[in-house]
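In: dropping the sequence and predicted coords here.
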Amino acid sequence: MDVFALTRTLIDIESITGNEKAVGDWLFDYLQPLAAEYGGTLERIEVEPNRNNLLAIWGHPVVTMSTHLDTVPPFFPSREDDEFIWGRGACDVKGIIACMIHAAKALLAEGRRGFALLFVVGEERNSAGAYFMADRPRGSKYLINGEPTECKLALGSKGALRYELIASGRMAHSAYPELGESAIEKLLDALERVRKLDWPVHPVLGPSTVNIGTIKGGRAPNVVPDDARAELLIRLVDDPAPVRAAVLAACAGLVEAKEQLCIPAILMEARPGFETDVMKYTTDIPAFGGAWGQPLLLGPGTIHVAHTSQERVAKSELLKAAGLYAQLVRQLLEEEGKSEE
């Protein structure tokens, strides 16, 4: 199956976060002959019931190519034209899986060993699969993580700090607002304070940003609301401690700020022969905690269309990325071999 057909087949298996089993099972069956032919091992690693990571290893894994199995909702199937493959997961993440598998096939055909494929669950929500593998290293010294980077090697990626803001009030008839206490007004005041904060700026990663992702609250137009909530996602570029302190100070006396997630920003190194750029999003890399080796970030497609109704990946980038993954693994294996001489 060529890289285009493999990408489309994977897209057409719905794998929204929490529902990764079907695509994982299909990949297990697809990879079994490759593992058997070249003396590798293939295993399902249960993270939660019906949610399995997949790990294929050939030799002692100096380099691990890894990405995630899950996608964001909603699911929509694949289609293609002369230039692009379209569908949920086209660039994030089914095309990346296909490219990594084709890179592995090329390396094995050359007689290469010493690398692994690791596909994990849950990246789009809480990196459950990566956190699980952080406690189960296999000796890998380099982790090539796959995300849409337009086939450029990342010099860094931003972190993420997520909060739920919870406002409490007192219900009353809206004709007599003085008898109640509006939770929505408290929430709006807190959000206004947060929006006026000065966010850190990093010389490589650039500015922190904040997104108010959801707002919920109230019971009816004629009721003073007793409950209101909002979710914030802050893109971190440096130490999260000052950002935490600023958010808590902005919310003090108005709402409760409950931290839901904190993933630090990551800086990475350039490699000879690879174009570079900075990625503003968060990946599984921090969740691995260095347990699978020095991180690198590379993949086909652009993040600008990921998570959208126009998600697609250029066919030319799929072909290029498959070659770049193989090139990077060769380079790392050869450097490791020289260091052991």
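Out: Received the coordinates, thanks.

In: pick out the residue nearest the middle of this structure.
Out: residue 283 (3.8 Å; Cα atoms, centre = their mean).

In: and that residue, what element?
Out: Using DSSP states H and E, residue 283 falls within no helix or strand.

In: could you tell me the model confidence score at it?
Out: Listed pLDDT for residue 283 reads 93.

In: what residues are up against it?
Out: 123, 145, 147, 157, 266, 297 (Cβ atoms under 8 Å, 6 or more residues apart in numbering). C-beta here means a position set from N, CA and C on the backbone, and glycine is covered the same way.

In: what's near enough to touch the third one?
Out: It refers to residue 147. 67, 92, 93, 96, 279, 281, 283, 297, 299, 303.

In: could I get the residues you listed as TSV with secondary structure?
Out: Formatted as TSV, the contacts of residue 147 follow (DSSP: H, G, I helix; E, B strand; the rest coil):
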residue	secondary structure
67	strand
92	helix
93	helix
96	helix
279	strand
281	coil
283	coil
297	strand
299	coil
303	coil
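
In: ok, so of the residues you listed, who is nearest residue 141?
Out: Taking Cβ to Cβ as the measure, residue 141 lies nearest residue 297 of the contacts of residue 147, at 16.2 Å.

In: do I have it right that residue 100 meets residue 116?
Out: No: using Cβ atoms under 8 Å, residue 100 is not in contact with residue 116; the gap is 10.4 Å.

In: between those two, what contacts are shared?
Out: Joint contacts of residue 100 and residue 116 (Cβ under 8 Å, 6+ apart) are residue 65.

In: then the helix or strand where residue 162 lies to CSV, C-alphas only?
Out: Element membership of residue 162 [criterion: DSSP H and E] is strand 159-168. Provided in CSV are the C-alpha atoms of strand 159-168 (Å, rounded to 0.1, in the frame of the first residue of the first chain):
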residue,chain,number,x,y,z
GLY,A,159,3.7,24.6,26.2
ALA,A,160,0.1,24.8,27.5
LEU,A,161,-1.5,25.8,30.7
ARG,A,162,-5.2,25.1,31.0
TYR,A,163,-7.7,26.5,33.6
GLU,A,164,-11.3,26.1,34.4
LEU,A,165,-12.7,29.3,35.9
ILE,A,166,-15.7,28.7,38.2
ALA,A,167,-17.9,31.5,39.4
SER,A,168,-20.6,31.1,42.1
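
In: residue ranges with poor pLDDT in the stretch 201-341 of the chain?
Out: 338-341 (pLDDT under 70).

In: where along it do the helices fall?
Out: Using DSSP state H, counting those that start in this stretch, the helices of the stretch 201-341 of the chain run over 240-251, 285-288, 315-339.

In: most tightly packed of these?
Out: Greatest average neighbour count among the helices of the stretch 201-341 of the chain goes to helix 285-288 (a mean of 23), per mean count of other Cβ atoms under 10 Å.

In: closest one of the contacts of residue 283 to residue 15?
Out: residue 123 (11.1 Å).

In: apart from its chain neighbours, what residue comes closest to that closest one?
Out: Spatial nearest neighbour of residue 123, excluding adjacent residues (Cβ to Cβ, 6 or more residues apart in numbering): residue 68 at 3.5 Å.

In: right, and the one you found touches residue 120 too?
Out: Yes: between residue 68 and residue 120 there is a contact under Cβ under 8 Å: 5.4 Å.

In: so what sits against both of those two?
Out: Common neighbours of residue 68 and residue 120 (Cβ under 8 Å, 6+ apart) are 129, 130, 284.

In: show me the strands in the stretch 151-300 of the chain, by range?
Out: 153-157, 159-168, 172-173, 201-202, 206-207, 209-217, 223-224, 227-236, 256-263, 266-267, 276-279, 294-297 (DSSP state E, counting those that start in this stretch).
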